[in-house]
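Chemist: sharing a sequence plus its predicted fold:
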Amino acid sequence: MSTRNLNIVFTGTPGVGKTTHCQELAQRTGLHHLDINDVVKKHNIGESSNDPDDPNTKIVDEDRLLDCIENDLEDGGQIIDWHACDLFPPRLIDLVCVVRCENKVLYDRLKKRGYGEKKLQENMDCEIMEVLLQEAREAYDEGMIVELRSESTEEIDSNVERIEQWIKNWKKDHGKGDMQAQSEQEKKDEDDPMFLHG
Ligand code: DAT
């Protein structure tokens, strides 16, 4: 049995609600929100695109990205937040959440983000054609993939509760217990002057 903690991917078209879900889930479970946008910035591994209509989009070297996060994934405990999912090795992933959103709602969110018409239309097409759902299906077993709708705040709550319950079951099945409580207890023990080291 693997000794690592679980890893969950949140994928989906920009604007569907990945980051909102990851932040809430990280807060409630103590797992780490691994925002790939932050990794790309921190390690400077994004090349500017040559598209004059979309100069801010970064082309990411996936091999370099994987090098940067490999140790985190091997340890586990990561909630990975990225629009693509098929680059993460299946042996290191336990659940893939594909966040989905109704067209009109997504259009308004992307417009509010200031996306130009071309980029907006590309992203709308991506959602309509279910590109990221297909990508997930091609890369991972069907049983690992869950589709989550994210149009209302009630849906965020119910999705997060559902995944939280899934995490509890996973930990029970993998004999991990409550790892957060466990690590907090270990820290308390170490702070305790009566705790015996070595
Ligand atoms: P992503 O990380 O997929 O790009 P996000 O989490 O940043 O998306 O969300 C984009 C915007 O939409 C942000 O202003 C929060 C809002 N939003 C996302 N999901 C929502 C939901 N289910 N209900 C209400 N607002 C939501």
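Modeler: Received the coordinates, thanks.
Chemist: next SSE downstream of the helix or strand containing Lys118?
Modeler: Element membership for Lys118 (DSSP states H and E) is helix 117-128. Using DSSP H and E, the helix or strand that follows helix 117-128 towards the C-terminus is helix 131-139.
Chemist: keeping just the C-alphas, turn that next one into CSV.
Modeler: Coordinates of each C-alpha in helix 131-139 appear next as CSV, following Å, rounded to 0.1, in the frame of the first residue of the first chain:
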residue,chain,number,x,y,z
VAL,A,131,-12.5,19.6,-23.7
LEU,A,132,-11.2,19.2,-20.1
LEU,A,133,-13.7,16.5,-19.3
GLN,A,134,-12.5,14.5,-22.3
GLU,A,135,-8.9,15.1,-21.4
ALA,A,136,-9.6,13.7,-17.9
ARG,A,137,-11.3,10.7,-19.3
GLU,A,138,-8.4,9.9,-21.6
ALA,A,139,-5.8,10.2,-18.9
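Chemist: what is it packed up against?
Modeler: strand 7-11, strand 95-100, strand 145-149 (3 or more CB pairs under 8 Å, 6 or more residues apart in numbering; DSSP states H and E). Bear in mind the C-beta positions are built from the backbone N, C-alpha and C, glycine included.
Chemist: tell me which stretches of the protein form helices.
Modeler: Using DSSP state H, the helices of the chain run over 18-29, 36-43, 62-75, 103-112, 117-128, 131-139, 153-173, 179-191.
Chemist: so Ile8 makes contact with Val99?
Modeler: No - if you go by CB atoms under 8 Å, Ile8 and Val99 don't touch, sitting 11.9 Å apart.
Chemist: how far does stretch 56-69 stretch from one end to the other?
Modeler: Using CA to CA, to the nearest Å, the end-to-end distance of stretch 56-69 comes to 23 Å.
Chemist: tell me, how many residues neighbour Ala136?
Modeler: Neighbour count for Ala136, taken as other CB atoms under 10 Å: 24.
Chemist: can you list phi and psi of the nearest residue to Cys101 once chain neighbours are set aside for me?
Modeler: In space, and not counting its chain neighbours, Cys101 is closest to Val16: 4.3 Å by CB to CB, 6 or more residues apart in numbering. Main-chain torsions, Val16, degrees, to the nearest 10: phi -70, psi -20.
Chemist: who touches Val16 in this structure?
Modeler: Listed by CB atoms under 8 Å, 6 or more residues apart in numbering, the contact partners of Val16 are Val99, Arg100, Cys101, Leu106, Glu127, Ser150.
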